[in-house]
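*Asks:* With the input below, show me the fold.
(one chain, ligands or ions: 1)
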Amino acid sequence: MTLPFSVGMSLSCQENDNSVPAPDDEEPQTIEYLKEGPYPMGAALNMNALRNKEIYRNTVIREFSSITAENAMKMGSISRGRGQYFWDDADYLVNFAQEHGIRVHGHALIWYKQSSTAMPDWVKNFQGTKEDWKLIMKEYITDVMTRYKGKINSWDVVNEAIKDDGTFRTAEECIWTRNIGAPEYIDWAFQCAHEADPDALLFYNDYGHEYSAAKRAAVNHLVEGMLERGIPIHGVGLQVHTHVNRPVSDIRTAIITAAQTGLKVHVSELDVAVNKDSKADIVYTDELKQQQYDRYKTAAKAMSDLPKEQQHGITMWGVGDQDSFMYKNPDWPLPFDVNYKRKRAYEGLVDGFY
Ligand code: XIL
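*Replies:* Coordinates of the predicted model:
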């Protein structure tokens, strides 16, 4: 692969950003690293690799303008009891970002999942009235957001509240629905977040927009309802954990539909699996690499086509293939290989920028 990439600056980009003087004629714009793209480009980070693996850390510094904690800012990672916190990992990530001028997107304050990183035991076992549950949610959100005020300016406030059929997770499935009610717990979480840090951009994050029309409609319906109720919400996060067996156009449809809310759009957890069915004998062929390229390019292009003020950026769910939570499938879903070399997928992102 030859670098740097040369990409033609198209009219749509100039239209989107009037502050940038029009380049002379067809003067190509050179993108040497993803962070030079037209909107923030990010990755979810693993704390162990960030602390101990030099090539990983250097790749992040060189390529990205935004980072998300893959697990370190989830409630199960931070909360050790009511009013008790483990800040080491989240602090480390925030300090790293500040040192290198990288944005941090906070992920995720409230999530239904009950795994140990997602939810601490004391919350799973908590007993109390609806008001008590609202209070523990408020305390948690306030403490975390206050600590990082001015350092983390955007947060996934609620993650995955809606199922693929467009309905809210039920009382059986979600502790917050059970004890507070939906969408009331969602409204409450956003109100608490806004009170804790009025300058922070608040996102509703979910998956499946690219394959479920019901999910897309339900998310937009939720957002519109929140805006009508005066709830502060500023963005929609689309995870887009996708794979090559789905039509490329789905990714664009997901991004365009989310943008219809008028809010910011974040492709928040992008990866493109090539081995959805976990075949042990899969070969990572050039054809699969090209199919990944198409999907990365489509995501980058669809983000580019949004109005500038709606582009929160694209975050990949990992840096190199080996860091991906689906690597052992086996799979190779990310833009960098196991040695942090750029892949065809990386070129897709760059080619989609303009
Ligand atoms: C995943 C992490 O990548 C894993 O390491 C962890 O074991 C489970 O969570 N949607 C989300 C992310 O919002 O937080 C999830 O991250 C992936 C799916």
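
*Asks:* Going by C-alpha atoms from here, please, whenever you check contacts or count neighbours.
*Replies:* OK.

*Asks:* V267 - that's part of a strand, no?
*Replies:* Yes. Under DSSP: H, G, I helix; E, B strand; the rest coil, V267 sits within a strand.

*Asks:* Bridged to it, which residues?
*Replies:* Beta-bridge pairing for V267 (DSSP bridges): L238, I314.

*Asks:* looking at it, it is touching V240, isn't it?
*Replies:* Yes. The pair V267 / V240 is scored as a contact, 6.7 Å apart, by CA atoms under 8 Å.

*Asks:* Low-confidence regions, this structure specifically.
*Replies:* Applying pLDDT under 70 to the chain picks out residues 1-29.

*Asks:* what about the helices in it?
*Replies:* Taking DSSP state H as the test, the helices found in the chain are 11-16, 47-52, 54-63, 75-78, 88-100, 121-124, 130-147, 175-179, 184-196, 213-228, 249-259, 286-304, 344-353.

*Asks:* can you list those in CSV and add mean neighbour count and distance to S278?
*Replies:* Shown next, in CSV, are the helices of the chain (neighbours: other CA atoms under 10 Å; distance: least, CA to CA, whole Å):
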stretch, mean neighbour count, distance to S278
helix 11-16, 14, 39
helix 47-52, 13, 25
helix 54-63, 16, 26
helix 75-78, 22, 29
helix 88-100, 16, 32
helix 121-124, 14, 32
helix 130-147, 17, 37
helix 175-179, 20, 31
helix 184-196, 21, 35
helix 213-228, 18, 25
helix 249-259, 20, 22
helix 286-304, 21, 14
helix 344-353, 23, 20
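
*Asks:* Of those, give the one that comes closest to I31.
*Replies:* Of all the helices of the chain, helix 344-353 sits nearest to I31, with 7.2 Å by CA to CA.

*Asks:* And for that closest one, what's in contact with it?
*Replies:* 5, 7, 31, 34, 37-38, 289-290, 292-302, 304, 334-336 (CA atoms under 8 Å, 6 or more residues apart in numbering).

*Asks:* Quick one: end-to-end length of stretch 169-180, please.
*Replies:* 12 Å (CA to CA, to the nearest Å).

*Asks:* So that it lines up with my notes, have the first residue be 9 from now on.
*Replies:* Sure thing, new numbering starts at 9, so read that last one as stretch 177-188.

*Asks:* Find the residue at the geometric middle of this protein.
*Replies:* S276 (1.8 Å; CA atoms, centre = their mean).

*Asks:* Contacts only, for it.
*Replies:* 213, 245-248, 321-325.

*Asks:* now with 6 Å?
*Replies:* Contact analysis of S276 by CA atoms under 6 Å, 6 or more residues apart in numbering lists 245-247, 322-323.

*Asks:* Check Q319 too.
*Replies:* Counted by CA under 6 Å, 6+ apart, Q319 has contacts 272-273.

*Asks:* Check A262 too.
*Replies:* Taking CA under 6 Å, 6+ apart, one finds 217-218 in contact with A262.

*Asks:* For it, give its distance to D96.
*Replies:* Taken as CA to CA, the span from A262 to D96 is 36 Å.

*Asks:* what does H274 give?
*Replies:* 27 Å.

*Asks:* do S123 as well
*Replies:* Separation of S123 from D96 (CA to CA): 20 Å.

*Asks:* same check, this time on A116
*Replies:* Taking CA to CA as the measure, A116 and D96 are separated by 17 Å.

*Asks:* Not counting sequence-adjacent ones, nearest residue to W119?
*Replies:* Using CA to CA, 6 or more residues apart in numbering and skipping residues adjacent in sequence, the residue nearest W119 is N167, 5.0 Å away.

*Asks:* surely T185 meets A179?
*Replies:* Yes. With contact defined as CA atoms under 6 Å, T185 reaches A179; the gap is 5.0 Å.

*Asks:* Overlap of the contact sets of the two?
*Replies:* Counting by CA under 6 Å, 6+ apart, nothing touches both T185 and A179.

*Asks:* Lovely, talk soon.
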